[in-house]
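Student: What shape does this take:
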Amino acid sequence: MPRIRDIAQICKSKNAGPFLVTIDVLFEDHDVYRQVKATGVLNAALFAKLYGVAEEDVLFTPYDTAAAFKATLPRLVPAGDIGDTDVYGAQQHAPLLDVEIPIDRPSPA
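Tutor: Numbers count the residues shown, from 1 in each chain. Next comes the predicted model:
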């Protein structure tokens, strides 16, 4: 079963202010995006579980036109605060990379 790291062209995170982080998952192939969306694996509950936040605090949005998913969630430690290990929020996407998606692996181009 392919993981996000295997099928998404971009999976990145960044600060959305000092108290939030945004995670983007983008697909080059719209058919693969539609398959991923149809599984329902990527959702607010998954992000809440992976990042240890309440599901109601996760803003999760699929963007069909861009073949992308976006999740915005609270940072557990504000950017730049004592204990923050990623001031820019640029490494927060890592837990998502190993999420398995139950679709057929796309053929190599």
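Student: Mind checking the pLDDT average for stretch 19-31?
Tutor: In this model, stretch 19-31 has an average pLDDT of 97.
Student: helix/strand/coil for the residue most central in space within the chain?
Tutor: Nearest to the geometric centre of the chain sits Ile23, at 4.5 Å (Cα atoms, centre = their mean). Ile23 carries the three-state label strand when classified by DSSP: H, G, I helix; E, B strand; the rest coil.
Student: Verify the stated contact: it with Ser13.
Tutor: Yes: judged on Cβ atoms under 8 Å, Ile23 makes contact with Ser13 at a distance of 4.6 Å. C-beta coordinates here come from the backbone N, C-alpha and C atoms, glycine included.
Student: Which neighbours do the two have in common?
Tutor: Gln92, His93 (Cβ atoms under 8 Å, 6 or more residues apart in numbering).
Student: Please work out which residues outside the longest helix along the chain touch it.
Tutor: Identified as the longest helix of the chain according to DSSP state H is helix 30-39. Helix 30-39 is contacted from outside by 7, 27, 42, 62, 64, 67-69, 101-104, 106, using Cβ under 8 Å, 6+ apart.
Student: buried stuff in that helix?
Tutor: Going by neighbour count (16 or more other Cβ atoms under 10 Å), the buried part of helix 30-39 is Val32, Tyr33, Gln35, Val36, Lys37.
Student: correct me, but Pro102 touches Ile7?
Tutor: No: counting by Cβ under 8 Å, Pro102 stays clear of Ile7, with 11.6 Å between them.
Student: Compare these two and say which one has the larger neighbour count.
Tutor: It is Ile7, of Pro102 and Ile7, that has more neighbours when counted by other Cβ atoms under 10 Å, with 20 against 12.
Student: residue ranges for the strands of this structure, please.
Tutor: 10-15, 20-26, 59-63, 68-74 (DSSP state E).
Student: With distance to Leu96 added, can I get those strands in CSV?
Tutor: CSV is the format used below for the strands of the chain (distance: least, Cβ to Cβ, whole Å):
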stretch, distance to Leu96
strand 10-15, 6
strand 20-26, 6
strand 59-63, 12
strand 68-74, 9
